[in-house]
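K.L.:
Have a look; sequence and predicted model below, questions after that.
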Amino acid sequence: MPRDRDKPLDVLSVADLCVDLVLTGDVVPRFGQAEQLVDDYHLELGGSATIFAGQLVKLGARAGILGSIGADLFGDFVAGRLAGLGVATERVVRAEGVRTGLGVALVKESEDRTMLTYAGTIDATAPEHLTHDLPSLARHWHISSFFLLSLLRPTWASWLRRCRQAGLTTSLDTNWDPAETWDGVHEILPLIDVFLPNATEACAIAGESDVELAGRTLAGFGCVVVVKQGADGATAFHENDMSSLDLSEEAPPPRIVDSIGAGDCFDAGFLRGWILGWGIEACLRLGHRCGRASLSEAGGFRGQLVEDVSGNTLQGVQMRRSR
């Protein structure tokens with residue numbers, strides 16, 4: 001775990017900065033000029049890393065973002081929203097000639113969602129933005145949306161080695177690969193401390209059809225692997241250990257609006273505990289609480305758990321373990 005508490009930030013995350021337009025309704029889009037009505041919409045700060053950073057701040061962490069936005073109205077919206085969340089934005093830059101990224105999500109209540117993304121500035125963050133002073137700013141480095149940040153992918157191995165040499169710990173949530181080739185992850189996993197895929201991503205990256213086999217395969221690279229499994233919770237794999245929360249007596253969430261950002265909130269909860277030195281079981285519990293809270297409101301921010309856990313120790317969490 002990171003021990004340098006004198007750095008300005010607990011976590012610095014490279015971000016897939018964008019704006020999300022979220023539409024809700026029981027609608028399946030049709031071509032042929034068919035006009036269809038939705039129930040509601042809202043415009044929100046987008047990107048996995050922003051939801052992740054926002055949840056970290058609400059758990060009492062000092063979180064910062066490295067990323068790019070456009071010199072446009074959506075860029076202004078992103079900058080203002082991040083500042084309002086209390087996320088450090090000194091390393092957010094304006095990319096000239098590129099529009100701020102935009103995601104459009106159609107959400108069916110209590111069901112899955114479909115998403116369309118205009119990358120724009122999401123992929124404008126380049127290796128030159130990874131300056132030599134960055135490791136001195138934070139205790140932990142987080143990568144999300146690995147496949148969308150294509151300009152940085154050739155740089156990650158050398159950068160992660162630099163982070164490790166500087167004493168930083170590291171984490172990765174790849175999110176979905178639009179090309180579905182899943183290339184480049186195996187090469188950097190030995191340099192990652194905590195890997196947080198969902199079940200589908202874990203199986204695809206590991207080349208396995210079973211979640212347990214996938215988790216154990218990926219843990220073989222030396223990292224803690226935390227596989228998110230939606231309503232079934234999450235399972236952590238480390239060396240020869242496997243741990244999962246016992247949710248058998250937990251009631252379903254009283255209200256489920258959508259699952260946007262639930263995995264990112266889980267990431268923040270798990271890593272907040274991990275950076276504080278908690279055991280894996282306690283980290284799983286906090287991650288689960290964050291992901292569950294997120295389901296109660298539309299988008300990734302409105303339902304986030306607000307609880308400063310800086311001085312807390314979670315005890316008495318019942319776990320299932322196997323070897």
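P.N.:
Arrived safely, thanks for sending.
K.L.:
contacts and neighbour counts: CA atoms only from here.
P.N.:
Fine.
K.L.:
What segments of this protein are helices?
P.N.:
48-58, 73-85, 156-165, 185-188, 199-206, 211-219, 262-275, 280-294 (DSSP state H).
K.L.:
Out of those helices, the one nearest His142 is which?
P.N.:
Between His142 and the helices of the chain, the tightest spacing by Cα to Cα is seen for helix 48-58, at 8.4 Å.
K.L.:
circling back to that earlier point, output the helices of the chain in JSON lines; the columns should cover mean neighbour count and mean pLDDT.
P.N.:
Output for the helices of the chain, formatted as JSON lines (neighbours: other Cα atoms under 10 Å; pLDDT from 0 to 100):
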{"stretch": "helix 48-58", "mean neighbour count": "27", "mean pLDDT": "97"}
{"stretch": "helix 73-85", "mean neighbour count": "16", "mean pLDDT": "97"}
{"stretch": "helix 156-165", "mean neighbour count": "17", "mean pLDDT": "98"}
{"stretch": "helix 185-188", "mean neighbour count": "14", "mean pLDDT": "98"}
{"stretch": "helix 199-206", "mean neighbour count": "21", "mean pLDDT": "98"}
{"stretch": "helix 211-219", "mean neighbour count": "22", "mean pLDDT": "98"}
{"stretch": "helix 262-275", "mean neighbour count": "27", "mean pLDDT": "97"}
{"stretch": "helix 280-294", "mean neighbour count": "25", "mean pLDDT": "96"}
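K.L.:
These into CSV, with extra columns for distance to His42?
P.N.:
Converted to CSV, those look like this (distance: least, Cα to Cα, whole Å):
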stretch, distance to His42
helix 48-58, 16
helix 73-85, 13
helix 156-165, 34
helix 185-188, 34
helix 199-206, 28
helix 211-219, 35
helix 262-275, 17
helix 280-294, 16
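K.L.:
Quick one: closest of the ones you listed to Val14.
P.N.:
That would be helix 48-58 among the helices of the chain, by Cα to Cα, at 7.0 Å.
K.L.:
helices or strands up against that closest one?
P.N.:
Judged by 3 or more Cα pairs under 8 Å, 6 or more residues apart in numbering; DSSP states H and E, helix 48-58 is in contact with strand 9-14, strand 63-70, helix 73-85, strand 138-144, helix 262-275.
K.L.:
of all these, which lies closest to Gly215?
P.N.:
With Cα to Cα as the measure, helix 262-275 is the member of the helices and strands packed on helix 48-58 nearest Gly215 (16.2 Å).
K.L.:
if we look at the closest one, which residues are touching it?
P.N.:
1-2, 48-49, 51-53, 55-56, 59, 61, 140, 196, 198, 228, 279-280, 282-292, 294-295, 300, 304 (Cα atoms under 8 Å, 6 or more residues apart in numbering).
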